[in-house]
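A.B. asks: Sharing a sequence plus its predicted fold:
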Amino acid sequence: MGEGLVTLRSPTDAQATLARLLAEISSRGLTVFGTVDHVVAAQAVGLEMNPATVVAFGSPKSGTPLMRLAPTLAIDLPLKALVWDDDAGATWLTYNAPAWLAHRHALGPGAGRLITGMAEALAAIAGATVGTEAST
């Protein structure tokens with residue numbers, strides 16, 4: 001997979017994985033800012049594709065201090081998770097590794113605690129969604 005991405009295989013189909021992801025996000029008191037169903041967008045222009053839904057979510061309480069350190073981080077926040085199927089029909093959950101975001105936006109040592117907390121939260125959400133431990 002691409003640099004800075006964490007990708008985990010899901011034991012359930014895309015619809016069930018998406019439902020579990022949304023439940024996990026909600027159970028942690030995070031805000032879902034929106035979803036993008038790329039299949040619907042493709043169908044609107046007469047094209048087909050495998051399931052692929054992006055969920056934008058997060059916490060302004062956690063994200064705002066980071067964006068104050070590096071305003072460019074706003075291009076990557078809120079956080080996003082992608083639930084998708086490959087051509088073989090396997091379902092996957094993918095998200096950006098927070099350490100990669102910190103590197104990408106040149107966050108200094110002052111962001112360490114926030115990035116660590118973000119990484120732990122994402123790993124917990126992803127792990128609960130697919131039933132495994134996430135690793136970056």
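C.D. replies: Nice, thanks for sending it over.

A.B. asks: contacts and neighbour counts: CA atoms only from here.
C.D. replies: Fine.

A.B. asks: and Arg104, how many residues sit next to it?
C.D. replies: For Arg104, the tally of surrounding residues (other C-alpha atoms under 10 Å) stands at 13.

A.B. asks: what residue is smack in the middle of this protein?
C.D. replies: The residue at the geometric middle of the chain, judged as the C-alpha nearest the mean C-alpha position with C-alpha atoms, centre = their mean, is Ala81 (2.3 Å).

A.B. asks: Ignoring the adjacent residues along the chain, who's closest to it?
C.D. replies: Spatial nearest neighbour of Ala81, excluding adjacent residues (C-alpha to C-alpha, 6 or more residues apart in numbering): Tyr95 at 4.7 Å.

A.B. asks: List the beta-bridge partners for that neighbour.
C.D. replies: Beta bridges link Tyr95 to Val6, Ala81, judged by DSSP bridges.

A.B. asks: hang on, isn't the residue nearest to the centre of the chain packed against Val54?
C.D. replies: Yes. Using C-alpha atoms under 8 Å, Ala81 is in contact with Val54, at 5.6 Å.

A.B. asks: mind checking which helix or strand the residue lying farthest from the centre of the chain is in?
C.D. replies: Within the chain, the residue lying farthest from the chain centre (C-alpha atoms, centre = their mean) is Gly46, at 27.5 Å. With elements taken from DSSP states H and E, nothing contains Gly46; it lies in neither a helix nor a strand.

A.B. asks: Could you do Leu8 as well?
C.D. replies: Under the criterion of DSSP H and E, Leu8 resides in strand 5-10.

A.B. asks: buried ones in that strand?
C.D. replies: Taking 16 or more other C-alpha atoms under 10 Å as the neighbour-count basis, strand 5-10 is seen to contain the buried residues 6-10.

A.B. asks: what sits against the residue nearest to the centre of the chain?
C.D. replies: Counting by C-alpha atoms under 8 Å, 6 or more residues apart in numbering, Ala81 touches 54-56, 93-96.

A.B. asks: And the furthest pair within those residues?
C.D. replies: For the contacts of Ala81, the maximum inter-member distance is 13.3 Å, found between Ala56 and Leu93 (C-alpha to C-alpha).
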